[in-house]
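> Below are the sequence and a predicted model for it; my questions follow.
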Amino acid sequence: MHILFTFKYDALTELANTIFYVKTIFYFCSKPEYVIFKLKEMGIIEEKDIEQVCKQFDDLDSYHRGKITVADLIEGHANKAASRPER
């Protein structure tokens, strides 16, 4: 019984490793993802910087489509400039 259990465990482990390998070799990295990865690797930016920019993007993406228009960007900058206190 123990041998059978070991075989099933080994087979499942091998299957899981194979699935992980297949997912890894077929995963593509876009140019923006690569640039962010390299900037983090070089110590130029940190995770908190990326999170802050992602939040700003999400605030501009009012329809939650995962993309913004140039009009969204212009409106967001105009609103930000209007809300800044004058010096």
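Nice, thanks for sending it over.

> how about the helices in the protein?
2-25, 31-41, 47-60, 70-83 (DSSP state H).

> who touches stretch 62-74?
The contact list for stretch 62-74 (CB atoms under 8 Å, 6 or more residues apart in numbering) reads 57, 60-61, 76. Just so you know, the C-beta spots here come from the backbone N, C-alpha and C atoms, and that holds for glycine as well.

> filter the residues you listed to the buried ones?
60, 76 (16 or more other CB atoms under 10 Å).

> okay, which residue is most central for this protein?
residue 33 (7.6 Å; CA atoms, centre = their mean).

> That one and residue 42: what is the separation?
15 Å (CB to CB, to the nearest Å).

> And for residue 12?
Distance of residue 12 to residue 42, computed by CB to CB: 40 Å.

> go on, residue 32?
Relative to residue 42, and taking CB to CB, residue 32 is found at 16 Å.

> where does this structure have its least confident helix or strand?
When each helix and strand of the chain is scored by mean pLDDT, DSSP states H and E, helix 2-25 comes last, with a mean of 64.

> What about residue 36, how many residues nearby?
Residue 36: 16 surrounding residues under other CB atoms under 10 Å.

> Need the nearest residue in space to it, chain neighbours excluded.
residue 50 (6.5 Å; CB to CB, 6 or more residues apart in numbering).

> The one you found and residue 39, how far apart?
Taking CB to CB, one finds residue 50 at 9 Å from residue 39.

> Around residue 52, how many other residues sit close by?
Neighbour count of residue 52, defined by other CB under 10 Å: 12.

> What of residue 75?
14.

> Give me the pLDDT for the closest residue to it other than its chain neighbours.
Closest residue in space to residue 75, ignoring its immediate chain neighbours: residue 60 at 7.9 Å, by CB to CB, 6+ apart. Looking at residue 60, its pLDDT reads 90.

> can you check residue 87 too?
Residue 87 carries a pLDDT value of 59.

> go on, residue 33?
Listed pLDDT for residue 33 reads 88.

> Number the chain from 359, please
With 359 as the first residue, the last one maps to residue 391.

> how close does it get to residue 408?
11 Å.

> same question, residue 418
As judged by CB to CB, residue 418 and residue 408 stand 16 Å apart.
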